[in-house]
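Undergrad: With the input below, show me the fold.
(chains A and B)
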Number of protein chains: 2
Amino acid sequence: MLVKSQVKYIQSLSQKKCRDEDAVFVAEGPKLINELLIAHNIQLVQLFATDDWINSQKPTVQKEKLIAVTASELERISFLTTTNHALGLFSKPRFPNGDPNTGFSLMLDCLQDPGNLGSIIRCADWFGIKQVICSPDSADVFNPKVVQATMGSIARVNVLYTDLSGYIRKHKDMPVYAATLNGKALSELKPIEKGLLLIGNESKGIDSELLKLATQQITIPRKGEAESLNAAVATGIILSHLA
Amino acid sequence: MLVKSQVKYIQSLSQKKCRDEDAVFVAEGPKLINELLIAHNIQLVQLFATDDWINSQKPTVQKEKLIAVTASELERISFLTTTNHALGLFSKPRFPNGDPNTGFSLMLDCLQDPGNLGSIIRCADWFGIKQVICSPDSADVFNPKVVQATMGSIARVNVLYTDLSGYIRKHKDMPVYAATLNGKALSELKPIEKGLLLIGNESKGIDSELLKLATQQITIPRKGEAESLNAAVATGIILSHLA
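TA: Predicted coordinates for the structure are as follows:
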């Protein structure tokens, strides 16, 4: 059973301030929850799940952390349009403070859309990229929508928030590739072992001062008429050629 | 000024049934609206915009179709979390009934997420693909979230809904490429002039009966640990190699 204070608390976690205070985040649905339960750097705080799911899945979770709820109770705490059997409250992983030895990292300049950020982290994980560096004004990786869109990759990719120009200046040996609309055609570039790939804001692109620090601007050749590509799609295409 | 019946009417357009009845759809924000205003196959029905925007933009729109609203009125009819100066009501374009002469088409099997569908249409437009064929149980292309995510490409890409196996059987000369997790590596394939690229549902993939009709299964080689890629990202990567 769910008490009112629990509902209120979980709802409050839609706000970054509240998530930061207790260093927790929310994840929903069996698939994602099962991925996080086996992650080394993430601890379960509380798992709210329907009886049906608990009986069929028998999750290996300490008894005091498991709270059985009805479907309608789950609806009251869920951030999804359609609830999905279980909602977990997890402790935030501690992401290391930037690893210069990581071969290839992504840099996101003011990336705003939670779905895009989640998809990009998932995509980084697919291509074996271990580090995503976000500007402080990017979406928060622990926003429930971002967590859902990572599909569990949040447990395997380090995400850090820092001033991007500062990071680039501190790691002068790293070539910086910037995704723009008038750079070198992607097809002319060879796979890269080491470097930073800079992706800009969904509508404004990369900040002009930051762009000056790029070693190479790169562009996905266009054959049709769309003005641009979705940021996550563009990131995926570039990684599939370079990573 | 906005009257109550207008607010109610526009809100009702979140439902497919209501959009279908009047063959209209909603688009928001100056960029998207300006793209649709110059589209040949789409007519403006009504434009609701703030005074500021009307005065600065002077949109070339028949006077009787333009309704000045306050920012808070716009908020009441907007489908966005943050309103964006203007909301347009447009007549649906008539998409032709499937063109077998189109070189390369996308086929979407039960694609559910509106953001994914919109991003895929935008991506098709970027790579010069003129036709996206959706199974009837896919998201509706005129859902406001899909329209926003197309960023105007909805005016340039034909989107049709039909039984996918029927379509494949009717066009036997078209090779069918299916995106799966255990097909031929994308890097081993050469660009394709003519064919159908089949993309599956976000969680269940491609229907097993439909998959039997594929000429070639293809896979994006994985280097990391993510179980899969976002459907729109995967489509973009495949198109960048094949289209």
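Undergrad: can we go C-alpha only for contacts and neighbour counts from here?
TA: OK.
Undergrad: Can you tell me what sits against the helix or strand of chain A with the lowest mean pLDDT?
TA: Least confident helix or strand, chain A: helix A:51-57 with a mean of 90, by mean pLDDT, DSSP states H and E. Helix A:51-57 is contacted from outside by A:68, A:69, A:70, A:85, A:86, using C-alpha atoms under 8 Å, 6 or more residues apart in numbering or on different chains.
Undergrad: The last one and residue A:68: what is the separation?
TA: This means residue A:86. 9 Å (C-alpha to C-alpha, to the nearest Å).
Undergrad: residues from chain A in reach of chain B?
TA: In this structure, chain A approaches chain B at residues A:119, A:122-129, A:152-153, A:156, A:222-230, A:232-234, A:236-237, A:240, judged by C-alpha under 8 Å from any C-alpha of the partner chain.
Undergrad: and if we set it to 6 Å?
TA: Chain A comes close to chain B at residues A:125, A:126, A:127, A:128, A:222, A:223, A:224, A:225, A:226, A:233, A:236, A:237, as judged by C-alpha under 6 Å from any C-alpha of the partner chain.
Undergrad: In ChimeraX, select just the buried ones from those.
TA: Of the residues of chain A next to chain B, the buried ones go into a single ChimeraX selection, burial set by 16 or more other C-alpha atoms under 10 Å in any protein chain shown:
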select /A:125,126,127,128,222,224,225,226,233,236,237
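Undergrad: The residues of chain A next to chain B: which two are farthest apart?
TA: With distances taken as C-alpha to C-alpha, the most widely separated pair in the residues of chain A next to chain B is A:128 and A:225, at 31.9 Å.
Undergrad: List the buried residues for the longest strand seen in chain A?
TA: Assignment by DSSP state E gives strand A:176-185 as the longest strand of chain A. Judged by neighbour count using 16+ other C-alpha under 10 Å, the buried positions of strand A:176-185 are A:176, A:177, A:178, A:179, A:180, A:181, A:184.
Undergrad: ok, now stretch A:11-23?
TA: Across stretch A:11-23, burial judged by 16+ other C-alpha under 10 Å covers A:11, A:13, A:14, A:16, A:18, A:19.
Undergrad: check which helix or strand covers the residue nearest the centre of chain A.
TA: Closest to where the C-alpha atoms of chain A average out (C-alpha atoms, centre = their mean) is residue A:118, at 3.8 Å. Assigned by DSSP states H and E, residue A:118 falls within helix A:114-126.
Undergrad: Could you tell me the angle between that helix and helix B:114-126?
TA: Here the directions of helix A:114-126 and helix B:114-126 differ by 70 degrees (axes from the mean of the first three to the mean of the last three C-alpha atoms, to 10 degrees).
Undergrad: Only alpha carbons, please: show helix A:114-126 as CSV.
TA: C-alpha atoms of helix A:114-126 as CSV (Å, rounded to 0.1, in the frame of the first residue of the first chain):
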residue,chain,number,x,y,z
PRO,A,114,15.2,14.7,-22.5
GLY,A,115,14.3,12.1,-25.2
ASN,A,116,17.3,13.2,-27.3
LEU,A,117,19.7,13.1,-24.3
GLY,A,118,18.5,9.6,-23.4
SER,A,119,18.7,8.3,-27.0
ILE,A,120,22.2,9.8,-27.3
ILE,A,121,23.4,8.0,-24.1
ARG,A,122,21.9,4.7,-25.4
CYS,A,123,23.6,5.3,-28.7
ALA,A,124,27.0,6.0,-27.1
ASP,A,125,26.6,2.8,-25.2
TRP,A,126,25.9,0.9,-28.4
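Undergrad: Report all helices and strands that that helix contacts.
TA: In terms of contacts (3 or more C-alpha pairs under 6 Å, 6 or more residues apart in numbering or on different chains; DSSP states H and E), helix A:114-126 is packed against helix A:144-150.
Undergrad: The helix it packs on - what's its average pLDDT?
TA: Per-residue pLDDT values over helix A:144-150 give a mean of 96.
Undergrad: Report the backbone C-alpha coordinates of it in CSV.
TA: In CSV, the C-alpha atoms belonging to helix A:144-150 read as follows (Å, rounded to 0.1, in the frame of the first residue of the first chain):
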residue,chain,number,x,y,z
PRO,A,144,12.7,10.6,-15.6
LYS,A,145,12.2,11.0,-19.3
VAL,A,146,16.0,10.9,-19.9
VAL,A,147,16.3,7.8,-17.7
GLN,A,148,13.6,6.0,-19.6
ALA,A,149,15.1,6.9,-23.0
THR,A,150,18.5,5.5,-22.0
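Undergrad: looking just at contacts, which helices and strands does that helix meet?
TA: helix A:114-126.
Undergrad: Now do the helix it packs on, average pLDDT.
TA: Summarised as a single mean, pLDDT over helix A:114-126 is 97.
Undergrad: what helices or strands is the very next helix or strand once past that helix leaning on?
TA: Using DSSP H and E, the helix or strand that follows helix A:114-126 in sequence is strand A:131-134. Applying 3+ C-alpha pairs under 6 Å, 6+ apart, one finds that strand A:131-134 contacts strand A:104-108, strand A:158-161.
Undergrad: Quick one: list the elements packing against the longest one.
TA: Looking back up the chat, that one is strand A:104-108. In terms of contacts (3+ C-alpha pairs under 6 Å, 6+ apart), strand A:104-108 is packed against strand A:131-134, strand A:195-199.
Undergrad: Dump those strands to JSON lines, plus mean neighbour count.
TA: Below are these laid out as JSON lines (neighbours: other C-alpha atoms under 10 Å in any protein chain shown):
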{"stretch": "strand A:131-134", "mean neighbour count": "24"}
{"stretch": "strand A:195-199", "mean neighbour count": "24"}
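Undergrad: Dump those strands to JSON lines, plus distance to residue A:30 and mean pLDDT.
TA: Listed next are the helices and strands packed on strand A:104-108 as JSON lines, based on distance: least, C-alpha to C-alpha, whole Å; pLDDT from 0 to 100:
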{"stretch": "strand A:131-134", "distance to residue A:30": "26", "mean pLDDT": "96"}
{"stretch": "strand A:195-199", "distance to residue A:30": "32", "mean pLDDT": "96"}
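Undergrad: any chance of those strands in CSV, with distance to residue B:48 too?
TA: CSV is the format used below for the helices and strands packed on strand A:104-108 (distance: least, C-alpha to C-alpha, whole Å):
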stretch, distance to residue B:48
strand A:131-134, 36
strand A:195-199, 34
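Undergrad: domain assignment for chain A?
TA: Domain ranges of chain A: A:4-91, A:104-242, per automatic domain parsing.
Undergrad: Of the buried residues of strand A:176-185, just say which sits nearest to chain B.
TA: Closest approach to chain B among these (C-alpha to the nearest C-alpha): residue A:181, at 12.0 Å.
Undergrad: give the contact list for that closest one.
TA: residue A:219 (C-alpha atoms under 6 Å, 6 or more residues apart in numbering or on different chains).
Undergrad: Quickly note the distance from it to residue A:205.
TA: As judged by C-alpha to C-alpha, residue A:181 and residue A:205 stand 9 Å apart.
Undergrad: Please name the strands paired to the helix or strand that the least confident helix or strand of chain A is followed by in the sheet, noting orientation.
TA: Downstream of helix A:51-57, the first helix or strand assigned by DSSP H and E is strand A:66-69. Its sheet considered, strand A:66-69 pairs with strand A:44-50 (parallel) by DSSP bridges.
Undergrad: Kindly format the C-alpha coordinates of the partner strand as CSV.
TA: Extracted in CSV, the C-alpha atoms of strand A:44-50 (Å, rounded to 0.1, in the frame of the first residue of the first chain):
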residue,chain,number,x,y,z
LEU,A,44,17.9,0.3,-5.2
VAL,A,45,16.2,2.5,-2.6
GLN,A,46,12.6,1.4,-3.0
LEU,A,47,10.7,-0.7,-5.5
PHE,A,48,7.0,-0.2,-6.0
ALA,A,49,5.4,-3.0,-8.0
THR,A,50,2.1,-4.7,-8.7
